[in-house]
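# Quick one: sequence plus predicted model below, questions after.
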Amino acid sequence: MTRPLFFFSAGEPSGDIHAAQLILELRRRFPRAEFTGYGGPEMEKAGCRVLVLMTELAVMWLGRVLWHLPTFLRHIRRAGAFFREHRPDAVILVDYPGFNWQIAKQAKKAGIPVYYYMPPQIWGWAQHRVKKMKRLTDHVLCCFPFEQKWLAEHGCHAYLTGHPFFEEVRKRTLDDSFMTDFRRNIQQDNKLLLLLPGSRNQEVAMNTRDMLHAAGRVVAQTPTVLPVIAAFKESHAERVRQEMRRQGLDFPVFVGRTPELMAMASAALAVSGSVSVELLARTCPTVIYYRVGKFPLLLSRFFRCVKYITLTNLLAVDRVQGESLFFKRGLIAPAQLTDRERSLTLFPEYLTAVDASLPVANTLVIWLTDETASAACRCALRDLLQSADAQGDPVVNTADYIMRTLEESPREQWRTQSETGTHCASTTDSP
């Protein structure tokens, strides 16, 4: 008997966090297990031997991907060699589809089971890739009911685990001393407007200027509002400060204080992404903003399949009987949303190639000045959260599923040593 070996591949900062939580949970079931792969600092803290810090290569759009292509190809070849030499018992992918499709392909060549945790949202932008998902993965671990249903209908072995953000928010301990000091240093009647410009360098570069424009417009109308920026890392914080100097603004900027600021915020302005789920978990009224170039926006009209770009809105509309999340097939480009479709969203959203700070600011001002409107939004978010967070602890669900399927797998014979609580894997492949 040998130690179980798990290979993880995560490329985004958020994927690094989710992978780290899953590694810790798997370690409880397999105390002697080894974890290795591609990821980031959180995975390293969880005890994973990270071969490459992929979070430093988190890029979007074709041009930047091509620029880094030789590096990506080198890491893909290295993964293939690792699979052939070390024969991990499972390969667990976390989002980051462009790169992770290739990792899955290498794993399948080596006959190693592939689990896709936090799978890419192919139902939203590239539905044709479901054939690739079916071909290259053995198990898809889904965050949302509509996602599991869609993937299962298209032939994937999909299992609903729930979204880990909900449980992470419940378990996270906030820094009360920071929150007390922060409140002590602001005026008593200040309401916080939280700006979340993203975790990727490109997101910060594209969205910061417009978000600060919107914040400036809000303050001009409601001087008691205090905008505050939650930056993912110090280089992002410095970029925000540079832009504020250009605009003549001076708002507090913090790194590593996102949960505390979310808990204190009266409203938020955030880039599109999984952060909307965390804001849902905090029941914080939010406008979603995503600035892209004109050409990427034009391209998105031909690939976009869902009516909403925000996960919270997709969850909200999915509960409405008779409403579809998807545009009708055959449309060359998505049609404009009807007034009813727009009214069903909880987070107003803007996918734009121009500065849309004026309508954004107007919406935020309503939540920041009208207690009835703000309370109604929070009430609707609490109702949605209750239904969306019904699966239990997603990380526990995922670890249980991986353990169960590995035990049932014909590739390896797994057993539990009850006297030590250790889970081991046989080195003998079944025919």
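Ah, there it is.
# any idea which element residue 192 lies in?
strand 191-196 (DSSP states H and E).
# Please enumerate residues in contact with that strand?
211-212, 215, 218, 222, 224-230, 251, 258, 261-262, 264-271, 275, 284, 364, 368 (C-beta atoms under 8 Å, 6 or more residues apart in numbering). All C-beta atoms are positioned from the backbone trio N, CA, C, and that covers glycine.
# Let's see which of the residues you listed end up in strands.
Counting by DSSP state E, the contacts of strand 191-196 place 225, 226, 227, 228, 229, 230, 267, 268, 269, 270, 271 in strands.
# so how many other residues sit close to the closest residue to the second one other than its chain neighbours?
By that I understand residue 226. Sequence neighbours aside, residue 190 is the residue nearest to residue 226 in space, at 4.4 Å (criterion: C-beta to C-beta, 6 or more residues apart in numbering). By other C-beta atoms under 10 Å, the residues close to residue 190 number 15.
# Surely residue 190 touches residue 223?
No: taking contacts as C-beta atoms under 8 Å, residue 190 lies outside contact range of residue 223: 9.8 Å.
# show me what contacts the residue nearest to residue 226?
By C-beta under 8 Å, 6+ apart, residue 190 lies in contact with 224, 225, 226.
# Is there a neighbour count for the last one? I'd like the number.
Right, residue 226. Residues near residue 226, counting by other C-beta under 10 Å, number 18.
# Next one: it from residue 188, what distance?
To residue 188, residue 226 is 11 Å away according to C-beta to C-beta, to the nearest Å.
# before we move on, the earlier item: save the ones in strands among the contacts of strand 191-196 as TSV, and put in distance to residue 119 and pLDDT too.
Formatted as TSV, these follow (distance: C-beta to C-beta, whole Å; pLDDT from 0 to 100):
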residue	distance to residue 119	pLDDT
225	38	97
226	38	97
227	35	98
228	33	98
229	31	98
230	27	98
267	31	98
268	26	98
269	28	98
270	22	98
271	21	95
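# Which stretches in the stretch 1-150 of the chain count as helices?
Taking DSSP state H, counting those that start in this stretch, the helices of the stretch 1-150 of the chain run over residues 13-29, 41-45, 62-67, 69-86, 97-109, 122-125, 130-136, 145-153.
# could you check the angle helix 97-109 makes with the longest one?
The directions of helix 69-86 and helix 97-109 differ by 30 degrees, with axes from the mean of the first three to the mean of the last three C-alpha atoms, to 10 degrees as the criterion.
# ranges for the strands of the stretch 301-431 of the chain?
Secondary structure of the stretch 301-431 of the chain, counting by DSSP state E, counting those that start in this stretch: strands at 349-352, 414-417, 422-425.
# mean confidence for the second one?
Yep, that's strand 414-417 we're talking about. The average pLDDT within strand 414-417 is 39.
# Please report phi then psi for the spatially most central residue of the chain.
Residue closest to the average C-alpha location in the chain (C-alpha atoms, centre = their mean): residue 274, at 3.5 Å. Reported as degrees, to the nearest 10, the phi and psi values for residue 274 are phi -70, psi -10.
# can I assume it is in contact with residue 310?
No: the criterion here is C-beta under 8 Å, and residue 274 misses it with residue 310 at 10.3 Å.
# Pull the number of nearby residues for residue 316.
23.
# Enumerate every residue touching the residue nearest to it when sequence neighbours are not counted.
Distances taken as C-beta to C-beta, 6+ apart put residue 346 closest to residue 316, at 5.0 Å, once the chain neighbours are dropped. Applying C-beta under 8 Å, 6+ apart to residue 346 gives the contacts 280, 312, 313, 316, 377, 380, 381, 384.
# With distance to residue 181 and pLDDT as added columns, please give those residues in JSON lines.
JSON lines is the format used below for the contacts of residue 346 (distance: C-beta to C-beta, whole Å; pLDDT from 0 to 100):
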{"residue": "280", "distance to residue 181": "27", "pLDDT": "95"}
{"residue": "312", "distance to residue 181": "31", "pLDDT": "95"}
{"residue": "313", "distance to residue 181": "35", "pLDDT": "95"}
{"residue": "316", "distance to residue 181": "36", "pLDDT": "94"}
{"residue": "377", "distance to residue 181": "28", "pLDDT": "97"}
{"residue": "380", "distance to residue 181": "32", "pLDDT": "96"}
{"residue": "381", "distance to residue 181": "28", "pLDDT": "96"}
{"residue": "384", "distance to residue 181": "33", "pLDDT": "94"}
